[in-house]
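Enquirer: Below are the sequence and a predicted model for it; my questions follow.
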Amino acid sequence: MGLGKKVGWPLLWICTMGLFTVSAVATVHKVGDSTGWTTLVPFDYAKWASSNKFRVGDSLLFNYNNKFHNVLQVDQEQFKSCNSSSPAASYTSGADSITLKRPGTFYFLCGIPGHCQLGQKVEIKVDPGSSSALLAPSSAPSQSPLPNGPAPLGTPSALAPPPSAASTLSYYSLLCLPLAAYAVAFYSVCV
């Protein structure tokens, strides 16, 4: 009789807590989705940014051909005027992952002449959140990013992206729901 209470409720509690931790998983946002970071295909980066929710701990993934593009982190005035002369940070790998380390608004553009004017720029508004980055930083940009601002990560091709919240939820559902059902059934039999 006491065994059901000793095993069932703790197991149910662990599974329930596992479901709540799903909200703490960081998201990798692929800038431009399948289009990537380019001017070859017209893409509305402002619309893309407004359709995504960015939180502290999330990361931006810029995929592009580094022979024709780059990513520069700039301030608001430089962003508005497409001025790439003195960026806060410069990324040139062609697969740049940048962790959003604090709330605020961050500005990125392509520094190749004419590309920003064609719309290859994006404004990212980062909300405070409980997300935590799953990938550890490993390499630095060619210039330092803004203090406490986004920080670069290692080459994404060498790192697996974190699972999406949906896939993590599915995993916990498949694992915990049968365990929870067992715990409830076991408890009701033992009481």
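Expert: Received, thanks.
Enquirer: Report the residue spans of the chain with pLDDT below the cut-off.
Expert: Residue ranges of the chain with pLDDT under 70: 1-24, 130-191.
Enquirer: Run through the helices of it in chain order.
Expert: Shown for the chain, the helices assigned by DSSP state H span residues 2-20, 45-50, 76-81, 165-190.
Enquirer: Residues contacting the third one, please?
Expert: Contacts to helix 76-81, defined as CB atoms under 8 Å, 6 or more residues apart in numbering, come from residues 83-87, 105, 107, 109, 121, 123. From N, CA and C alone the C-beta is placed, and that goes for glycine too.
Enquirer: now could you export just the CA positions of that helix as PDB?
Expert: C-alpha atoms of helix 76-81 as PDB (Å, rounded to 0.1, in the frame of the first residue of the first chain):
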ATOM      1  CA  GLN A  76      20.700  51.600 -35.400                       C
ATOM      2  CA  GLU A  77      22.000  54.600 -37.400                       C
ATOM      3  CA  GLN A  78      24.300  52.500 -39.500                       C
ATOM      4  CA  PHE A  79      21.500  50.100 -40.100                       C
ATOM      5  CA  LYS A  80      19.100  52.900 -41.300                       C
ATOM      6  CA  SER A  81      21.700  54.400 -43.600                       C
END
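Enquirer: and that helix, which residues are buried?
Expert: Residues of helix 76-81 classed as buried: 78-79 (neighbour count, 16 or more other CB atoms under 10 Å).
Enquirer: same deal with the second one?
Expert: For helix 45-50, the buried set under the neighbour-count rule, 16+ other CB under 10 Å, comprises 45, 48-49.
Enquirer: Is it possible to get the contacts of helix 76-81 out as JSON lines so that each row also shows neighbour count?
Expert: Output for the contacts of helix 76-81, formatted as JSON lines (neighbours: other CB atoms under 10 Å):
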{"residue": "Asn83", "neighbour count": "16"}
{"residue": "Ser84", "neighbour count": "20"}
{"residue": "Ser85", "neighbour count": "8"}
{"residue": "Ser86", "neighbour count": "10"}
{"residue": "Pro87", "neighbour count": "23"}
{"residue": "Thr105", "neighbour count": "12"}
{"residue": "Tyr107", "neighbour count": "20"}
{"residue": "Leu109", "neighbour count": "25"}
{"residue": "Lys121", "neighbour count": "22"}
{"residue": "Glu123", "neighbour count": "16"}
